[in-house]
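Undergrad: Give me a 3D structure for the following:
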Amino acid sequence: MKRKTKSLVCAIRIAGLALVLSASATPLFAQDFTIHMKGDNGIDGTTYYVSPNAIRRTTPGLTDVIDRMDRSTIIYLNHRNKTYTETPAADARAMIADSMNKIDPQKKALLQQYGLDKPAQLTKIGPGENIAGYPTEKYSLKTAMAEGEVWITQSLQFPAAYYRDFDLLSGFTGPTGDGGKVAEVHGVVLKRIMTGAMGRSMSGNHGETAVSVEKGAIPASTFEPPTDYTKASR
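TA: Residues are numbered from 1 along each chain as shown. Next up is the predicted model:
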């Protein structure tokens with residue numbers, strides 16, 4: 001009887017431990033959160049609205065991008081014209097691959113001459129500063145057009161589908177695109193400082209830092225085009 005009792009207690013303890021471990025393994029993005037960034041020049045920077053199924057990036061003066069992981073679709077909002085377009089993520093990846101394959105030999109030689117064909121490099125430097133209440137790791141980032149440093153926290157996480165299917169796409173946009181390297185770290189960038197590489201022209205520092213992280217439910221409408229926007233053809 002004592003052996004059975006001990007076995008039962010042991011089983012209960014193991015089950016309890018498994019429950020704790022499974023709870024601790026709950027994805028960190030299970031709760032909606034919003035990241036507010038501020039540029040080095042003191043003006044508002046990018047705002048990230050993050051939910052388990054979608055992420056929206058809003059940058060003043062630029063097109064808003066909504067990544068719908070649940071639909072495998074990217075929505076681009078043009079505030080100037082009050083229009084939006086929707087692109088399947090698979091089509092976006094195919095367009096990137098197609099554009100790379102269609103570069104003629106002369107252009108390829110030119111890219112090689114100026115080192116513009118080199119892949120992005122992300123190298124860990126060490127512990128970074130505490131930003132918006134979150135510990136970070138500091139990395140060196142070098143791309144064909146820019147170089148600088150990024151501070152990444154793993155205390156916050158985007159949905160797994162974002163890293164797998166969407167971050168690579170955003171990593172190819174803009175002069176500071178990381179070519180998808182940040183996705184390999186599976187964290188969230190809370191600070192970035194980028195300048196033109198090897199004397200290449202860039203208008204000042206492309207830097208911004210997270211000033212706050214808010215946790216709480218985000219309205220579903222945040223991840224949809226505004227009702228007064230018209231869908232445009234791609």
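Undergrad: Surely Arg93 is within a helix?
TA: Yes. Checked against DSSP: H, G, I helix; E, B strand; the rest coil, Arg93 lies within a helix.
Undergrad: what residue ranges in the protein score low on pLDDT?
TA: Scanning the chain with the threshold set as pLDDT under 70 gives 1-30, 96-104, 106-118, 167-179, 196-205, 234.
Undergrad: Strands of the chain, start to end?
TA: 33-39, 44-50, 54-58, 64-68, 73-78, 83-88, 121-127, 137-142, 146-153, 188-196, 206-215, 230-231 (DSSP state E).
Undergrad: Against which helices or strands is the first one packed?
TA: For strand 33-39, the helices and strands in contact under the criterion 3 or more CB pairs under 8 Å, 6 or more residues apart in numbering; DSSP states H and E are strand 44-50, strand 206-215. The C-beta positions use only the backbone N, C-alpha and C, and glycine is treated the same way.
Undergrad: deepest of those, which one?
TA: Of all these, strand 44-50 has the most neighbours on average by mean count of other CB atoms under 10 Å, namely a mean of 19.
Undergrad: Any idea how many residues pack against Pro119?
TA: The number of residues packed near Pro119 is 10, by other CB atoms under 10 Å.
Undergrad: Pull up the gap between the residue lying closest to Glu149 once chain neighbours are set aside and Leu141, please.
TA: Distances taken as CB to CB, 6 or more residues apart in numbering place Ile193 nearest to Glu149, at 5.4 Å, with adjacent residues excluded. Per CB to CB, to the nearest Å, Ile193 is found 9 Å from Leu141.
Undergrad: Common neighbours of those two, please.
TA: Here Ile193 and Leu141 have Gly148, Glu149, Val150 as joint contacts, going by CB atoms under 8 Å, 6 or more residues apart in numbering.
Undergrad: thinking the last one is in contact with Tyr139, fair?
TA: Yes. With contacts defined as CB atoms under 8 Å, Val150 counts as touching Tyr139 at a distance of 5.1 Å.
Undergrad: Need the overlap of contacts for these two.
TA: Leu122.
Undergrad: about what we covered before: top of the shared contacts of Ile193 and Leu141 by neighbour count?
TA: Within those, neighbour counts (other CB under 10 Å) peak at Val150, which reaches 26 neighbours.
Undergrad: Can you tell me who it pairs with across the strands?
TA: Counting by DSSP bridges, Val150 forms beta bridges with Tyr139, Arg192.
Undergrad: need the helices and strands packed on strand 33-39 in TSV with distance to Ala92, can you?
TA: Below are the helices and strands packed on strand 33-39 laid out as TSV (distance: least, CB to CB, whole Å):
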stretch	distance to Ala92
strand 44-50	19
strand 206-215	23
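Undergrad: For the closest residue to Asp165 other than its chain neighbours, give me its contacts.
TA: In space, Asp165 comes closest to Ala89 once its chain neighbours are excluded; the distance is 5.2 Å by CB to CB, 6+ apart. Contacts for Ala89 (CB under 8 Å, 6+ apart) come out as Asp67, Ser72, Thr73, Ile74, Asp165, Phe166, Leu169.
Undergrad: Of the residues you listed, which is the nearest to Met95?
TA: Comparing those against Met95 with CB to CB places Leu169 closest, at 9.6 Å.
Undergrad: follow-up on the earlier one: how near is the residue nearest to Asp165 to Gly42?
TA: Counting by CB to CB, the gap from Ala89 to Gly42 is 35 Å.
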